[in-house]
Each structure stands twice: as C-alpha cells, then as structure tokens.
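Q: Next input, structure requested:
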Amino acid sequence: MQKRKLGQSDLVVSDYCLGTMTYGSQTSEEDAHRQLDMAWDAGINFLDAAEMYPVNPVLLETAGRTEEFVGRWIAARKPQDLIVATKITGAGSNAIKDGPPISADRMRNAVDSSLRRLQIECIDIYQLHWPNRGSYHFRKNWGFDPRPQDRETTLAHMREVLGCAQDLIAQGKIRHIALSNESAWGLAQWINLAGAEGLPRVLSVQNEYSLLCRLFDLDMAEACWNENVPLLAYSPLAAGLLSGKYAGNVTPDGSRRERNSDLGGRITGRVFEAVSGYLAIAHEFGLDPVHMAIQWTLTRPAPTLPIIGATSSDQLAHLLAGQDVVIPDEAKSAIEQMNRAMPLVF
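A: Residues are numbered from 1 along each chain as shown. Predicted coordinates for the structure are as follows:
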C-alpha cells in the first residue's frame, strides 16, 4: 500500500482510508476486528469513524458503538503509527439527544467521549460531520437555498470552533481539525480565519465523491488544490451502486439497500443507466468495476484518497485486491465521456 504525507501536516497515511460506519449494525464486532486486521496487514494505517456511527440506521441507542469496536481492537493490537480520524455530529442528528449544533462545549465533551471509546490519548484528525449552517450534500443540492444562512453568525461559530480546537491541540487531545460535507465558500472562510487570527488550519475535507457523484470537481477541487487540502472521498462506490450488485434494480439480502431502500436518495430514474455505462467500461478494459471506481479517485487532479468500507471481511478482501490496479488512459477518457453523457444522476 502506497503512503503519502497528508496535506500540510506531518501525518503519513496510506492511499486507502478504512471506513468503519457499519461496525455495530451490519458488521459484528468479530468481523469488524477481522477487517481491521486485514486492512492493517495490507498496509492501511488510516481509519475513519464518527461519534454517530454505526449507520443504517443511525440511532441514539447505538451511537458510539463503532468507536467502541475500534477502541477494543486498538487496545488489543496496539498498532504503531496508526492514524485515527473521527467526527463530531452536526446539528439535527438523532444520534445525539435533542440534536444540538456544534459548539465549543459540545466539542470538548464529544472529544473526551470519543477518546474514551477509542481508547487512545489523541485523535489525529477531528472532523465536523457537517456545518451548523447546513449544506448542499446528502442530495440537498437539488433544492439548495443559502438565504437562511447568516454570514456573521457563521463566522462567529467558526472562530469559536477554531479557538476550541486550538485549546484541544494544546491539551494533546487532537492533532488537527478538519471538515466534512463542506462547500468551497465554507472552506475558504475556515482557512482565511485561521490565517488571519493565528488559529489552527483545517487539514482536510471529507465529502462524497465517486464516478456518480462529482459535485467536488469544480469549485471544491480548485480550492483544495490551491490550498493543499486533501479530499477524503467517502462513498467511492456510491453506496455499492458501482459494484453492480444492484444492477437491474435488485436488492440483495443483507445489503445496505435492504435497510435503506433508496440508498440515501441515490436510486433515481437515471442511475441504473449510468451504472450500466460504467460497468461496460470496466468490462471493455478488463477491469473489475469495484477496483476501477476506487482507483479512479486516486487519479484526480486535486489531492484525493478514497475511504473504503465493507460490511463483511469478504467484501474488504475484494476491495484490497485492487490496490495496485492501473486504469489505462483510454479507460479514463471513456469515463469522462460517460460523465458528460450522464452527469448528476442523483
């Protein structure tokens, strides 16, 4: 597994980050630990979690269980040079009682709780799961309206969060603050405030990105390139659509779709036609569609690395088998033609 320096930090991470969001719902603790062992043995030293996990569904009574599973593995395995990322839940989540917005007090309590569950002394990358002001992610782009936002309220919140992050870094509880489900405007404000007021600079942004979801490709890609803020690409398989397992509009037993029928709004009238096109490209060039979809994220102009996740160790073994796959230039050209023909399918 290739490794790289992450953004403007001294963290050295694997090209793949292991996502853990099904640990505690679809994935048992035994299999979660098996996956963590497999990933570590394959050279993955980068894990991503969140206080609200597991998902499918997100529930108040299960929130934190994923971090507990990961924490028990860390305590037993004691892996050296492991990089751990986790997230504080955003406003309105049913994973936290009353769904409070992110604040300094919430951050301090959430960090302590995550440290306890993860059984570590310091979180390497602490991410805001989504902005307090809301965002266009999670299929909200179709009706996005920024008018309810108040600029001064947003900037005051950013100062509060960055000031809290500065304190948490000084206390040795986190190393870096980072973002998730952000916009180009939001990223610019976080960076400008940090530079102007001597506060911690955000390290990375975790947004959805795949062959089927390319909102990142324009303003966000430009911002991340110029500011050296890497994208941690979640759902690089578009919740499994790009594996082909849902082709023909089927719902396999035990799949994510069995619990979430529209895959978070990804099942639309056009999506299966686009999936068929990408599956055809993979077949034409002798590529496994899963390997093609994940490796494609590593070829993008802005610094990008994929968060891979699996509900079972068998699925993870399949994902890991593609880590050395090279996508031919002709296949990349076919992918771009497909995107032009079928953009924004969900």
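
Q: contacts and neighbour counts: CA atoms only from here.
A: Will do.

Q: quick one: the helices in this protein?
A: 29-41, 65-77, 104-118, 151-170, 184-197, 219-227, 256-259, 271-284, 289-297, 313-320, 329-341 (DSSP state H).

Q: could you give me the average pLDDT of the fifth one?
A: What helix 184-197 shows for mean pLDDT is 98.

Q: That helix packs against which elements?
A: Judged by 3 or more C-alpha pairs under 8 Å, 6 or more residues apart in numbering; DSSP states H and E, helix 184-197 is in contact with helix 151-170, helix 219-227.

Q: Please repeat the previous calculation with a cut-off of 7 Å.
A: Helices and strands touching helix 184-197, by 3 or more C-alpha pairs under 7 Å, 6 or more residues apart in numbering; DSSP states H and E, are helix 219-227.

Q: State the distance spanning the first to the last residue of stretch 85-95.
A: Length of stretch 85-95, first residue to last, C-alpha to C-alpha, to the nearest Å: 18 Å.

Q: now what about that stretch, what contacts it?
A: For stretch 85-95, contacts defined as C-alpha atoms under 7 Å, 6 or more residues apart in numbering pick out 47-52, 58-60, 63, 99-102, 107, 110, 123-132.

Q: so of the helices of the chain, which one's packed in deepest?
A: Using mean count of other C-alpha atoms under 10 Å, the stretch among those with the largest mean neighbour count is helix 289-297, at a mean of 23.

Q: between it and helix 329-341, what angle do the directions make?
A: Interaxial angle, helix 289-297 versus helix 329-341 (axes from the mean of the first three to the mean of the last three C-alpha atoms, to 10 degrees): 90 degrees.

Q: How far off centre is helix 289-297?
A: 16 Å (C-alpha atoms, centre = their mean, to the nearest Å).

Q: Buried subset of the contacts of stretch 85-95, written for PyMOL?
A: To isolate the buried members of the contacts of stretch 85-95 in PyMOL, using 16 or more other C-alpha atoms under 10 Å:
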select buried, resi 47+48+49+50+51+52+58+59+60+63+101+102+107+110+123+124+125+126+127+128+129+130+131+132
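
Q: before we move on, back to that, in terms of mean pLDDT, which of the helices of the chain ranks lowest?
A: Among the helices of the chain, helix 256-259 carries the lowest mean pLDDT, at a mean of 93.

Q: who touches residue 16 in this structure?
A: Shown in contact with residue 16 (C-alpha under 7 Å, 6+ apart): 44, 305, 306, 307, 308.

Q: Pretty sure the third one sits against residue 236.
A: Yes - contact between residue 306 and residue 236 holds when scored by C-alpha atoms under 7 Å: they sit 6.4 Å apart.
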